[in-house]
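Chemist: Here is my input, please return the structure:
(one chain, ligands or ions: 1)
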Amino acid sequence: MVEKKGQRNIYHCESCKHEIVTENMNDGVTPFMIGCRSCDGEMRSGMYPKSLDSKQYGHTYITTHYWRRNTEEEIVAFKEGCKGDPGKIANDDEVRNWMVNRACYDHAKNGGMMLINLDGTKYE
Ligand SMILES: [Zn+2]
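Modeler: A predicted model of the protein is given here:
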């Protein structure tokens, strides 16, 4: 299911109660669970609750992160980063790097968006 540009969502951590509010900069796909930003727990999607944009809870939720599609250049870079046979790479850091690039490439190719902090820091 493709989610729409402009939709806002909330991710909530069961362990530490931390929350982030996300906004989609493009149409695309976002994950149901992401790593928590303030502990090692997992944050779950609030499934785009309508209440995010209502004032009934006495406070307004401000967008803290955004999701955007990878650019063509980024996708090409991911593809370059997972060339060749990982079984022939002797260095563990390089194997890890290959795997990250491969995962990012598959994710981006399938419409997956990446999570970005408002200061431009990329997460996943
Ligand atoms: Zn947490």
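Chemist: The lowest-mean-pLDDT helix or strand in the chain - contacts with which helices or strands?
Modeler: For the chain, using mean pLDDT, DSSP states H and E, the weakest element among its helices and strands is strand 113-117, scoring a mean of 92. Here strand 113-117 touches strand 65-69, helix 92-109, going by 3 or more C-beta pairs under 8 Å, 6 or more residues apart in numbering; DSSP states H and E. Any C-beta I mention is one placed from the backbone N, CA and C, and that applies to glycine too.
Chemist: most packed of these?
Modeler: strand 65-69 (a mean of 19; mean count of other C-beta atoms under 10 Å).
Chemist: what sits up against the least confident helix or strand of the chain?
Modeler: 22, 24-26, 28-30, 34, 64-70, 104, 107-108, 122-124 (C-beta atoms under 8 Å, 6 or more residues apart in numbering).
Chemist: That one vs helix 92-109, what angle?
Modeler: 110 degrees (axes from the mean of the first three to the mean of the last three C-alpha atoms, to 10 degrees).
Chemist: since we're on M1, how many residues are nearby?
Modeler: If you count neighbours by other C-beta atoms under 10 Å, M1 ends up with 3.
Chemist: Can you get me a residue count around H18?
Modeler: 15.
Chemist: Quick one: residues contacting the residue nearest to it when sequence neighbours are not counted.
Modeler: With sequence-adjacent residues excluded and distances taken as C-beta to C-beta, 6 or more residues apart in numbering, H18 is closest to S38, at 4.4 Å. When contacts are counted by C-beta under 8 Å, 6+ apart, S38 touches C13, C16, H18.
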